[in-house]
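[1] sequence isn't available, so here's the structure alone:
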Ligand code: AMP
């Protein structure tokens, strides 16, 4: 059966079937020249049979990249050196990669790129605190692409054997990362694969059989399905990226991520890059477990675009908050609004109240299954839903322009989350309004926010009309299964019992 799975990708003799042996990649030594070992192991190992029992394919002749009409040179990508800035030209990246960068219009490294690339390009592990919008995706992709291009595999390879693995918590994020990877590898022959739930398994599987896997971008649940079915192998992974680690935690993915990491080479034998928007103790604990002598980099969130977002802070009692929100929603200028609360249960209750008041609202929090969140975001984007109720971590997945209002129902625990929340509005040249409620329970969080934002955020009494009594609520709506919180640490998608645990996976 495995012979079928390891379909021939390209020309070459059939494997001769010598005894299998597990290869242990050569340890990296913190320097680029040491290379992450799989290549070395493959070149010297002389194994003819896949360590998992499948057949080895001889390395196909690599596809010639879609050749540009004339040879592209750096003369077509001139960027003047600038004090305090790093150019991509200064990083000794392969020409084909520079061509991709030039097409994307990147000239100077963003702070996360400038700070991380000198380390990651040399093979070091990294733990980075950076939010979406900082250029963190390109930061890790550039390092991966540089590595894969400079250390091509000259021997044989197996179908489904990933060289670089990127895991991210949501389907949208995976697709976004893969799109960026495809754009950056446009002039190389590196192949990017995406494995996400909610999309045709067979198609993803077929592609794995037809093209080598240089860069694999996946959500944890779907990746484990592919590993369990022996469609993907992780034991030759040279570079691993864990993106949005805090969101993985929030969504209960850590047990799955642990199972994934156990299938990759040990941490001294792979390069590991971990990103998180926040450095909680939990995140730092995971970073400690999964990375080897990492460089730690922290990037402050982008400063607030105060010129495009008008910020208000209303003093209120805890009881008044819902009334305030309801009346804000009834104002004419509110086209679309995101309301943030700190806890999932708060979000759930708030969402229910809004629905009972006949307001079209969607809920985005860690307890909502991923396919449901995708639908909710779609509904919000198309205007079917006027309001989104979100926690911080779930709210980070929102990349929608044209949101008119943001309400902080509870002030965030991390001041940086305030910046991130209000940054959901006032985008793409439009103006926006943020309204924060400060009650007796959370007013103490205001000062660190004021320090961060630095523009004298003033706390005022809300206008009286916002305290008008709300109408009576409609009856409670029975919750559909889709709306029910997910149980335990389960992943984003339901998986069949056959694959629900490692022990029950088919063995060969
Ligand atoms: P990210 O934080 O990875 O979501 O990236 C945010 C946006 O910044 C994306 O649209 C990238 O294409 C863009 N970007 C990343 N790096 C650079 C750069 N060095 N110069 C200009 N734009 C960039």
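    Looks like it arrived, so ask away. Fair warning: this is a prediction, and the values are worked out from it, not measured in the lab.

[2] domains of this structure?
    The chain breaks down by automatic domain parsing into domains covering 2-34+48-300, 303-474.

[3] got a markdown table for the ones you listed, with mean neighbour count, mean pLDDT and distance to the ligand too?
    Every C-beta, even on glycine, is put in place using the N, C-alpha and C of the backbone. Listed next are the domains of the chain as a markdown table, based on neighbours: other CB atoms under 10 Å; pLDDT from 0 to 100; distance: least, CB to the nearest ligand atom, whole Å:
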| stretch | mean neighbour count | mean pLDDT | distance to the ligand |
| --- | --- | --- | --- |
| domain 2-34+48-300 | 19 | 84 | 3 |
| domain 303-474 | 18 | 87 | 8 |
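
[4] which residues sit in contact with the residue nearest the centre of the chain?
    Nearest to the mean C-alpha position of the chain, by CA atoms, centre = their mean, lies residue 168 at 3.9 Å. With contacts defined as CB atoms under 8 Å, 6 or more residues apart in numbering, the neighbours of residue 168 are 174, 177, 217-219, 243-244.

[5] ranges for the helices of the stretch 201-350 of the chain?
    201-210, 220-228, 245-250, 254-262, 281-290, 320-329, 344-356 (DSSP state H, counting those that start in this stretch).

[6] direction included, what does the helix or strand that the last one is followed by pair up with?
    For helix 344-356, the succeeding helix or strand toward the C-terminus, using DSSP states H and E, is strand 361-364. Note on strand 361-364: by DSSP bridges, its sheet partners are strand 387-390 (parallel).

[7] residue 458 against residue 315, yeah?
    No: between residue 458 and residue 315 there is no contact under CB atoms under 8 Å: 10.2 Å.

[8] tell me where this structure has strands.
    126-129, 162-167, 192-195, 213-218, 239-242, 271-276, 295-298, 309-315, 337-340, 361-364, 387-390, 405-408, 432-438, 459-460 (DSSP state E).

[9] the second one vs helix 220-228, what angle?
    I take that to be strand 162-167. 150 degrees (axes from the mean of the first three to the mean of the last three CA atoms, to 10 degrees).

[10] run through who's touching strand 162-167.
    Outside strand 162-167, the residues that reach it (CB under 8 Å, 6+ apart) are 38, 140, 144, 147-148, 153, 174, 177, 181, 193, 213-220, 223, 232-234, 236-243, 248, 257, 260, 264.

[11] measure residue 178 to residue 171 for me?
    As judged by CB to CB, to the nearest Å, residue 178 and residue 171 stand 11 Å apart.

[12] residues touching residue 234, list them.
    Contacts of residue 234 (CB under 8 Å, 6+ apart): 162, 165, 227, 260, 263-264.

[13] quick check: residue 103 touching residue 97?
    No: using CB under 8 Å, residue 103 is not in contact with residue 97; the gap is 10.8 Å.

[14] overlap in contacts of these two?
    By CB under 8 Å, 6+ apart, no residue touches both residue 103 and residue 97.

[15] just checking, residue 449 touches residue 415?
    Yes: under the criterion of CB under 8 Å, residue 449 makes contact with residue 415 at 4.6 Å.

[16] can you show me the helices along the stretch 51-200 of the chain?
    Under DSSP H, counting those that start in this stretch, the stretch 51-200 of the chain gives helices at 95-104, 111-120, 136-150, 171-184.

[17] in CSV, list those along with distance to residue 201.
    Output for the helices of the stretch 51-200 of the chain, formatted as CSV (distance: least, CB to CB, whole Å):
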stretch, distance to residue 201
helix 95-104, 30
helix 111-120, 32
helix 136-150, 25
helix 171-184, 14
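
[18] out of those helices, flag the one nearest residue 311.
    helix 111-120 (24.4 Å; CB to CB).

[19] who does that closest one touch, helix- and strand-wise?
    Applying 3 or more CB pairs under 8 Å, 6 or more residues apart in numbering; DSSP states H and E, one finds that helix 111-120 contacts strand 126-129, helix 136-150, strand 271-276, strand 295-298.

[20] what angle sits between the longest one and helix 111-120?
    Inter-element angle recorded for helix 136-150 and helix 111-120: 30 degrees (by the same axes, to 10 degrees).

[21] from the chain's centroid, how far away is helix 136-150?
    Going by CA atoms, centre = their mean, to the nearest Å, the spacing between the C-alpha centre of helix 136-150 and its chain's C-alpha centre is 15 Å.

[22] which other helices and strands contact it?
    helix 95-104, helix 111-120, strand 162-167, helix 171-184, strand 213-218, strand 239-242, strand 271-276.

[23] these two touch, right, residue 270 and residue 236?
    No: counting by CB under 8 Å, residue 270 does not reach residue 236; the two are 9.5 Å apart.

[24] got JSON lines for the strands of the chain, with distance to residue 108 too?
    As requested, these are exported to JSON lines (distance: least, CB to CB, whole Å):
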{"stretch": "strand 126-129", "distance to residue 108": "18"}
{"stretch": "strand 162-167", "distance to residue 108": "24"}
{"stretch": "strand 192-195", "distance to residue 108": "25"}
{"stretch": "strand 213-218", "distance to residue 108": "24"}
{"stretch": "strand 239-242", "distance to residue 108": "23"}
{"stretch": "strand 271-276", "distance to residue 108": "21"}
{"stretch": "strand 295-298", "distance to residue 108": "17"}
{"stretch": "strand 309-315", "distance to residue 108": "26"}
{"stretch": "strand 337-340", "distance to residue 108": "32"}
{"stretch": "strand 361-364", "distance to residue 108": "34"}
{"stretch": "strand 387-390", "distance to residue 108": "33"}
{"stretch": "strand 405-408", "distance to residue 108": "30"}
{"stretch": "strand 432-438", "distance to residue 108": "28"}
{"stretch": "strand 459-460", "distance to residue 108": "39"}
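
[25] many thanks, I have nothing further to ask.
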